[in-house]
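Enquirer: this one's structure only:
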């Protein structure tokens with residue numbers, strides 16, 4: 001039984017993941033770094049690549065779910081001065097970690113993520 005609140009590497013076998021697939025998955029995760037596209041980046045990658053690559057489909061959905069969870073958490077802690085800052089720093093750190101794993105061809109699961117997009 002999987003815990004949705006724990007970072008994991010999935011054991012899903014996507015077979016040989018091409019360099020292009022790894023790059024697209026990495027871009028979906030690393031969009032966290034760029035505030036202007038942090039939520040629409042993974043959405044665009046998912047919509048464009050979901051039919052052509054199971055690995056990119058999986059990782060873009062994971063990044064999108066994480067970004068939605070970050071948005072919800074930021075809204076919840078918005079009443080404090082430091083809360084949104086802490087959430088955004090954590091989002092950037094986890095995004096970088098996920099991007100590095102995706103670039104290796106490893107499917108990454110974010111901790112503390114509500115999986116709303118299936």
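Expert: Yep, that arrived. Worth saying up front: this structure is predicted, and the values here are computed from it rather than measured.
Enquirer: neighbours of residue 66, how many?
Expert: Counted with other Cβ atoms under 10 Å, the neighbours of residue 66 add up to 26. (C-beta placed from N, C-alpha, C; glycine too.)
Enquirer: from residue 50, how far off is it?
Expert: According to Cβ to Cβ, to the nearest Å, residue 66 stands 17 Å off from residue 50.
Enquirer: before we move on, what about residue 35?
Expert: Distance, residue 35 to residue 50, by Cβ to Cβ: 24 Å.
Enquirer: ok, residue 106 next?
Expert: Residue 106 is 19 Å from residue 50, by Cβ to Cβ.
Enquirer: show me which of those two is the more surrounded one.
Expert: Using other Cβ under 10 Å, the more surrounded residue of residue 106 and residue 50 is residue 106, with 17 against 14.
Enquirer: tell me which element the more buried one is part of?
Expert: Following DSSP states H and E, there is no helix or strand that holds residue 106.
Enquirer: what does the pLDDT read for it?
Expert: Looking at residue 106, its pLDDT stands at 92.
Enquirer: give me the phi and psi for it.
Expert: Backbone torsions for residue 106, taken as degrees, to the nearest 10, come to phi -100, psi 130.
Enquirer: pLDDT score for residue 6?
Expert: Per the predicted model, pLDDT is 46 at residue 6.
Enquirer: before we move on, what about the one 10 residues further on?
Expert: The predicted local confidence for residue 16 comes out at a pLDDT of 85.
Enquirer: much appreciated, bye for now.
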